[in-house]
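In: Generate coordinates for the sequence data below:
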Amino acid sequence: LGTGGFKMAHPGFLMLFSTPEDVLGSRPRQKVAVKRPFYKNYPPGSSKTPMRFAIGCYTISDELPKLFREANVLCWARALLTFSYEYIDHCVSASSEPPPFNIPCLCFVEAGLALSHDQVQPSHKSKLLAQLPHAGYLVEELITDEFLKYIHNMDCNPMLD
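Out: A predicted model of the protein is given here:
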């Protein structure tokens, strides 16, 4: 799907053994964006030209805290947005007049964290290794409809143009 400032996005699909209602994974083989963080590895002695770098993958011990942080931020942002709209709805319903402006309908993508574990043959040593994840992924709903992105990770200024 593409490469951003610090994550690669790949197409994928999600299959859960127990399907939740009305959230990510509620449909069988739901198409998703599978994302992993990366770092830019510039050749030694070269200037940091924006397009001249190799993509470096983090070790699992460096990757997981980044993914957990992003998933946590998405969770809190979604909760704060829900709380904000509930407060707006309360104020609008308690008012005798509608607001003199349109209230935009913003949303965050449905997202979750997926961990991949190696499949190893059972043995005393491999039991410990089997418990450690091999890789982590941020899994987001795939948006196929047209949408307006107001803020993105590279710049915190609203994208109103």
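In: where does the protein have low pLDDT?
Out: Residue ranges of the chain with pLDDT under 70: 2, 4-5, 18-22, 25-26, 45-51, 119-131, 150-161.
In: for this structure, what spans make up the helices?
Out: 60-94, 124-131 (DSSP state H).
In: just so I know, which of those helices lies nearest Leu16?
Out: helix 60-94 (16.4 Å; CB to CB). Every C-beta, even on glycine, is put in place using the N, C-alpha and C of the backbone.
In: neighbouring contacts of the top strand by length along the chain?
Out: Longest strand of the chain, by residue count under DSSP state E: strand 30-41. Contacts to strand 30-41, defined as CB atoms under 8 Å, 6 or more residues apart in numbering, come from residues 1, 3, 6-14, 24, 48, 53-58, 63, 66-67, 114, 135-142, 144.
In: Report the buried residues of that strand.
Out: Within strand 30-41, the residues scored as buried using 16 or more other CB atoms under 10 Å are 30, 32-38.
In: circling back to that earlier point, same list (the helices of the chain) but as TSV, adding mean neighbour count.
Out: Formatted as TSV, the helices of the chain follow (neighbours: other CB atoms under 10 Å):
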stretch	mean neighbour count
helix 60-94	12
helix 124-131	10
